[in-house]
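In: Structure of the sequence below:
(one chain, ligands or ions: 1)
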Amino acid sequence: MATHKHQIVVIGGGTGGIMIAAQLLRARKGLDVAIIEPSEYHYYQPAWTLVGAGLMSKQATIKKEKKVMPKKATWIKDYVETIDPDAMTVTLRSGDTVEYEYLIVTPGLEINLDLIEGLKDTMGKNGVCSNYIDPEYTWEVLKNFQGGTALFTQPATPIKCPGAPQKIMYLTADHFKRHGLKDKSTVVFATPGTVIFGTEPFKTELNRYVHEVYDIPHRFGYKLVKVDGKNKEAHYERLPLPEGRTDYVHNDDTNRAGFKGYYMEDGKRVEFEEKNEPLDNLPAGARFVIKFDMMHLAPPQMAPAWFQKTKLANQDGPDKGWMAVHKNTLQSRFYKNVFGAGDVTDLPTARTGAAIRKQAPVLVKNLLDVMDGKDAAYEGYNGYSSCPLVVAHNKMLLAEFKYNNIRSSDPLLSKFFDTGKASYPMWLLKRYGLPFLYWHAMLKGYNF
Ligand SMILES: Cc1cc2nc3c(=O)[nH]c(=O)nc-3n(C[C@H](O)[C@H](O)[C@H](O)COP(=O)(O)OP(=O)(O)OC[C@H]3O[C@@H](n4cnc5c(N)ncnc54)[C@H](O)[C@@H]3O)c2cc1C
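Out: Model (predicted):
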């Protein structure tokens, strides 16, 4: 078992790790940076939405990790098993130890299918698919769909790219429209949340797509607790209404077919067709079942299990397990020589690659300041995140926002486009512009 020693160690060579290491190496010559990354491949996950709808090949979203590694960084091809921030060491699966002076934590998050009963047995089978896991299977399900109920849902845990579960729903509804399946199908969106999107004007535009363009019943306060793939049943629990609300807003004035299911009352099974008998009257905590013909879901997600056991994680509270970082400087709240970015952190904003683009330069400046003996005083990150919401095979709107769901659209882009309205030029940005910028600018360490 060997001991490696590096000035700066980066955990994870995904979006955050590569972007930050590349920016660091551009910012200051001669730094000794090591990146610990076990995977042979690097994935451009944002395009998996398009792969799931047959609009891009999976192959086009993958590059060899060695192609994206900054030339001057040392690649340690291994898994981190634990971090000891007091000893300033990282232990690897091989048994090797890596000593660091400064640490950057970007291992992303972990998908945990065990958090929903039955999910592990049926994921990738029986028409149960997820762009988060295997977007090619999503496309296979979609291609072969003959009509019925297409259910779209998400878990009650935090997830990366919270817009992704609805992007594939719009693309599916669009696919049904273009392939003569609209009248034979009901697309349902059942979420534990209370709104389709938190920020205006994106919320209004997305509601227009849900209600007017696609006629999708959107059900709030539905918590997925079990999936029975063989019987094509999704089991939900009714969540209590949020404070101050007396009902959920639904769009029941429609010609579409209702979705079907059942619940138990006094030991008897009560069948329902949602159009005639909406489920709003069921009390909080009641369980009910929606029958589906295909189902797409975002799987439950959490901070990596090994990371949760380290001293860098929040030890309690609502963010338990996620990495505790200062929300404007990205410095660990517990250790001054440690910084974090991306999905693993507890930053109260949407977990996206776009967010990391704005986190990276702030982290780099603060880290260099700490290396120079100063404080990490640059509070430059304002919670910016963005979500390119693809609403059809040729239309996208770009939701950009910062902490507290305040709109934060790019001033230059907004000069030329109304990014709050779905449009074709925005679609071109998603399909061609963003992947190009990702591979050739962001991962190369250009700050723009
Ligand atoms: C379907 C889907 C659609 C999305 N759409 C968008 C979008 O439109 N726009 C957008 O901005 N974002 C989108 N995202 C989110 C975006 O991809 C993530 O937020 C981003 O990749 C997070 O970067 P990260 O560096 O934190 O984690 P990742 O990019 O996931 O990288 C983590 C890295 O750490 C490595 N790792 C894991 N465990 C260990 C370990 N023990 N030791 C060492 N290394 C380890 C992994 O192999 C991986 O390379 C989407 C994601 C999905 C799944």
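
In: Would you agree residue 357 falls within a helix?
Out: Yes. Using DSSP: H, G, I helix; E, B strand; the rest coil, the secondary structure at residue 357 is a helix.

In: Count the neighbours of the spatially closest residue to it that is not a sequence neighbour for me.
Out: Spatially, and ignoring its direct neighbours in sequence, residue 357 is nearest to residue 442 (5.9 Å; Cβ to Cβ, 6 or more residues apart in numbering). Where C-beta positions appear, they are placed from N, C-alpha and C, glycine not excepted. As a burial measure, residue 442 scores 22 neighbours (other Cβ atoms under 10 Å).

In: try residue 432
Out: The burial count for residue 432: 10, using other Cβ under 10 Å.

In: how close does the residue nearest to residue 357 get to the ligand?
Out: Between residue 442 and the ligand the computed distance is 10 Å (Cβ to the nearest ligand atom, to the nearest Å).

In: now residue 337
Out: Look at residue 337 and the ligand: by Cβ to the nearest ligand atom, they are 19 Å apart.

In: Quick check, that residue in contact with residue 370.
Out: Yes. Counting by Cβ atoms under 8 Å, residue 337 sits close enough to residue 370 to count as a contact (6.6 Å).

In: Touching both of these two, which residues are there?
Out: Residues touching both residue 337 and residue 370 (Cβ atoms under 8 Å, 6 or more residues apart in numbering): residue 102.

In: Which one's more surrounded, these two?
Out: A side-by-side neighbour count of residue 337 and residue 370, using other Cβ under 10 Å, places residue 370 first with 20 against 17.

In: so how far is the ligand from residue 195?
Out: For residue 195, the distance to the ligand - Cβ to the nearest ligand atom - is 19 Å.

In: and that residue, what are its phi and psi?
Out: Backbone geometry at residue 195, expressed as degrees, to the nearest 10, gives phi -140, psi 160.

In: what's near enough to touch it?
Out: With Cβ under 8 Å, 6+ apart, residue 195 has these contacts: 203, 220.

In: now do residue 37
Out: Applying Cβ under 8 Å, 6+ apart, the residues contacting residue 37 are 12-14, 17, 65, 69, 75-77.

In: what's the answer for residue 447, then?
Out: 23, 360-361.

In: and the gap between it and the ligand?
Out: Per Cβ to the nearest ligand atom, residue 447 is found 16 Å from the ligand.

In: Check what pLDDT that residue gets.
Out: On the pLDDT scale, residue 447 is placed at 87.

In: What strand or helix carries it?
Out: Secondary-structure assignment from DSSP states H and E places residue 447 in no helical or strand segment.

In: Phi and psi next, for it.
Out: Torsion angles, degrees, to the nearest 10, at residue 447: phi -100, psi 110.

In: The contacts of residue 37: which ones sit near the ligand?
Out: Subset of the contacts of residue 37 in contact with the ligand: 12-14, 17, counting by Cβ under 6 Å from any ligand atom.

In: of all these, which comes closest to residue 47?
Out: residue 14 (14.4 Å; Cβ to Cβ).

In: Count the residues that sit near the closest one.
Out: By other Cβ under 10 Å, 21 other residues sit near residue 14.

In: residues contacting the closest residue to residue 125 other than its chain neighbours?
Out: Spatial nearest neighbour of residue 125, excluding adjacent residues (Cβ to Cβ, 6+ apart): residue 229 at 5.9 Å. By Cβ under 8 Å, 6+ apart, residue 229 lies in contact with 118, 121-122, 125-128.

In: Against the ligand, how distant is residue 229?
Out: Residue 229 is 20 Å from the ligand, by Cβ to the nearest ligand atom.

In: Residues of the stretch 151-300 of the chain that sit close to the ligand?
Out: The stretch 151-300 of the chain comes close to the ligand at residues 160-161, 164, as judged by Cβ under 6 Å from any ligand atom.

In: nope, the stretch 301-448 of the chain is what I meant
Out: 304, 342-344, 351-354, 356, 388.
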